[in-house]
Structures are given as structure tokens and as C-alpha cells.
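In: coords please:
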Amino acid sequence: MSDDLDGWSGAEFALAADRLDTPDVIEAADPGDMLRQVASAAAQVRTALRSCAEADLSAFTADARPRAIVVAGLGASGLAGELLNAMAGLSSPVQVVVSPAGRLPGWVGAADAVIAVSCSGSTPETLAIATEAARRGCRLAGVGAGGSLLHRIAEQARAPFVPVVPPEVAVLPRSMLWSAAVPLLVIAERMGVTRVGPDVYELAASRLEEVSHQCRPASESFVNPGKSLALDLVGTLPMVWGTSALSGVAARRFASQLQENAKYPAICGVLPEAAHSQVAAFDGPFAPRSSRLSAQEPGPGPDDLADLPGWELDYEEAEQASGFTALQLILIADSGEDQRVSAQRAAVTELAGQRGVGISELGMDGEHPLVRLAGVIHLTDYASVYLAIASGIDPGQTVAIRDLRTRTE
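Out: Reported below is the predicted structural model:
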């Protein structure tokens, strides 16, 4: 970390680190208990499994496999659909589509299954899709808060409903990813679209508990991976890339959590696509040494600006006074990534280093995709909350979201 990151002086960075290593400060800076909500991930997995076992999901079987599974959801609920899509993979016999809009695609009909997911059970767009799915005769299921509007729509349509959030519990939907994701995986597994099983769910829950222990508030930043990653991002512009469909879901989740919890803008992408577009930012003003490198590309000639009177190109000085926030690249490397992508990732790391772009690389460990995904998503969830606290921001406040909602309802 440099001594001057566009307003983040060395003293301010030290203050951020001090905030994360002072338990009283952490508690005061997190009045909505976001850290506690993040720590509930393992319990969410186990509770959702019990709710699925108690729900009547007999309509979903491999013998009555739909043409497509459409997941209706926004935010963490929509990401749960993307998680299902990545877990199903390209070899899935059933297409998985995530529909965040307030209408079903025109081709969806009675041959398809629609799973409406809303942790609050009151998301207008999701309610509209659930209602339309019932009208079109789709095989419908609901996932969300018990006793909610979504629950009532499912009951009226005689569709199964998996209650994953008690109506009296006050939680932010973005902290309930695993409550939303597990029922989708269970339903998809009943139709032969995914293969998980009880042992894998328990391995995933254990991985979530392990990360929670490593990232607990009482653990100091030099041994706490969540706090360390947060400090890497202080005063930077995060660019989060995955290296596979699976780690691409983790990248999108991290970018979303940085925006909602830390109130940080973040860019997300997936290799190899990001190497054909977003990597161009390494030659822009947010890459500390890009101007020096780009200036060296053309050969010297009579029209070179350096030969003109009054032109003195001091790129070292320009770098220090650029006024732009420095990029920080976060690479989420999946052990199951393609070999060509692995080579591309190594090349990207070298290129970023040359341009002065900071790099944080996160590995995804575990034999089963769900376990790999659980570990890295949980780590980055913690990091997003710790970044908010390090920056003096309440991670639970949603003033801008509420203000926008009041202007559009």
C-alpha cells in the first residue's frame, strides 16, 4: 500500500487498520450486526435443508424433468440462481435461466419450471413473475419468508413453498444467500440437474464455519484473511475477476457486497472475456504506471513531444499527482479453471504488476464446486463488511436504496 492513495494517507490507512483491530470500535461501527448475519451462513445451509425436507417437493422429479428452470430473483436471490446455473454446468440436461425483470420471457410456458425466490417475500418484480408463472401453467415453487406475499401466491397456485426466513426475523436479504441458494440446489437435484448430496452440504457448512472462525472480529488483521483483504482494498478501485463460471459467481457476489456493504464501486468480470475488454483499463488513468509505459511504445521521432520547446515529460511526477484512485485487481482462481485461462491469469498478473496495479489473488479449494464456492464467497462477504468498518461506514445502512425506492413506488 502506498503512502498516498488519493486521500488515503499513511496515517489514515493506519487508522483503518486500527479500527479493525479494536473490538469495541467494530461493535460500535456495526450497529445492524452485519458481521453476525454473515456468520450465520453455516446455520442457513442446515436450516434451509430442514425446510426443504419439510416442504412437499414431490412435484419435482427426474421423471418429470422440465424443459428449463427459470429462477426469478433480484440481488442475493438472483445470485442464487446464477450459483445454480454454474453448478449445473454446460452438461446440464435442463437450461437454467435467471430472470431479474418483472416479466417472464415470452417462451416460458407449461413445459418449464419457475422458482420464485425472495428472502423478504415482497420483491415486486419476483411477485409479478410468480403470478404470471401460475397464470401460464408453469410448474411453480416459491422460496422466501414464511407468511409473506410470495407465500400466499404459492398457496393460491397450489405450489410448494420453502420458508427460509421466519417473518419475525429482521435480516438484510443480501446476508441470506445460502438460505436462498440451498432450496434451488435441492429442487434441481430432485430433477437430476445437479448432484450434491447430504455429505457435500455438510462439508460446505463446515467450510463456512471454518472461514467464520478465521474471520471472527476478535482475530487481528495480520492473521484474519477477511480483514487483510479489506485493508488491501482501502482507498482503491476494486476490479474483481473470476477464472471460471463458478468463480465468476463469486466475483459478482464480491462486487455486489462491496457496493452494498462498503458503499464501494466495484467492477466484476470473468476470464477470458475480461481479457478482451476490461484489461484495457490497465492503460488508463487508474493504473499508476500506465502513462509511463504507453509513452514508451512509439519510437522517438521529429514529432516527439519531448523535442518541443516547453515540454518536459516527467512521468514519475505525473504518476504521483494523477488524482485518480488506483485499481486493485482481485483474481478469484478456481482449481477447476481451463488451462488456457490459467496461462492467461499468469499473464494478467504480470501485466498488472508492470502497470502498478495492486493484486490480491484468492484460491478456491475443495473437491466439490459447492465447497469451493462457499469458502471464497464467505471470505469476501467478511471482507466487504470489514472494508466498510475500516472506512468508517455503517455496513448495514441502505439510505440510498430506500430513497430510490420511495421515488419509484
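In: any idea which element L327 lies in?
Out: strand 326-334 (DSSP states H and E).
In: What values do phi and psi take at N261?
Out: phi -90, psi -50 (degrees, to the nearest 10).
In: residues touching it, list them.
Out: Taking Cβ atoms under 8 Å, 6 or more residues apart in numbering, we find N261 in contact with M34, R174, S384, V385, L387, A388, P395. All C-beta atoms are positioned from the backbone trio N, CA, C, and that covers glycine.
In: which one is the last one nearest to, not counting chain neighbours?
Out: By that I understand P395. Nearest residue to P395, sequence neighbours excluded (Cβ to Cβ, 6 or more residues apart in numbering): A388, at 3.8 Å.
In: ok, now which ones touch that neighbour?
Out: So, once contact is read as Cβ under 8 Å, 6+ apart, A388 ends up touching A29, M34, N261, A262, K263, D394, P395.
In: Go again with 10 Å.
Out: 29-30, 34, 230, 257-258, 260-264, 394-397 (Cβ atoms under 10 Å, 6 or more residues apart in numbering).
In: Likewise for G192?
Out: Counted by Cβ under 10 Å, 6+ apart, G192 has contacts F60, T61, A62, D63, R65, S92, P93, V94.
In: sorry, back to before: pick out the most distant pair among the contacts of A388.
Out: Pairwise distances across those (Cβ to Cβ) peak at 17.6 Å, for the pair A230 and Q397.
In: Please say which of those two ends up with more neighbours.
Out: A230 (28 against 15; other Cβ atoms under 10 Å).
In: For S391, see how far away the more buried one is.
Out: 9 Å (Cβ to Cβ, to the nearest Å).
In: same check, this time on A53
Out: 42 Å.
In: again with E409
Out: 30 Å.
In: same deal with S148?
Out: Following Cβ to Cβ, the distance that separates S148 from S391 is 34 Å.
In: Repeat that for D381.
Out: 16 Å.
In: what about these two, which has more around it?
Out: Legend: neighbour count by other Cβ under 10 Å for D381 and S391, higher for D381 (28 against 20).
In: Strands of the chain, start to end?
Out: For the chain, the strands defined by DSSP state E occupy 4-5, 8-9, 68-72, 95-99, 113-118, 139-145, 161-165, 236-242, 267-270, 326-334, 358-364.
In: Can you say which of these is packed in most?
Out: For these, the largest average neighbour count (mean count of other Cβ atoms under 10 Å) is found in strand 113-118, namely a mean of 30.
In: list the contacts for G137?
Out: G109, A110, A111, D112, A157.
In: ok, now with 6 Å
Out: A110 (Cβ atoms under 6 Å, 6 or more residues apart in numbering).
In: any idea how far it is from E27?
Out: Distance from G137 to E27, by Cβ to Cβ: 52 Å.
In: Same question for A204.
Out: From A204 over to E27 (counting by Cβ to Cβ), the distance is 29 Å.
In: Please identify which of the two sits among more neighbours.
Out: A204 (28 against 13).
In: pretty sure that one is touching V376, no?
Out: No - using Cβ atoms under 6 Å, A204 is not in contact with V376; the gap is 11.8 Å.
In: just the helices in the stretch 101-250 of the chain please.
Out: Using DSSP state H, counting those that start in this stretch, the helices of the stretch 101-250 of the chain run over 124-136, 149-156, 177-190, 198-214, 225-233, 245-260.
In: In a markdown table, list the ones you listed along with mean pLDDT and distance to P163.
Out: Formatted as a markdown table, the helices of the stretch 101-250 of the chain follow (pLDDT from 0 to 100; distance: least, Cβ to Cβ, whole Å):
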| stretch | mean pLDDT | distance to P163 |
| --- | --- | --- |
| helix 124-136 | 95 | 15 |
| helix 149-156 | 96 | 7 |
| helix 177-190 | 96 | 10 |
| helix 198-214 | 97 | 18 |
| helix 225-233 | 96 | 30 |
| helix 245-260 | 97 | 24 |
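In: Make TSV from these and add distance to A101 to it.
Out: Listed next are the helices of the stretch 101-250 of the chain as TSV, based on distance: least, Cβ to Cβ, whole Å:
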stretch	distance to A101
helix 124-136	7
helix 149-156	17
helix 177-190	18
helix 198-214	30
helix 225-233	31
helix 245-260	17
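In: And the ones you listed: which comes nearest V279?
Out: Closest among those, using Cβ to Cβ: helix 245-260, at 14.6 Å.
In: Before I go, just wanted to say thanks for your time.
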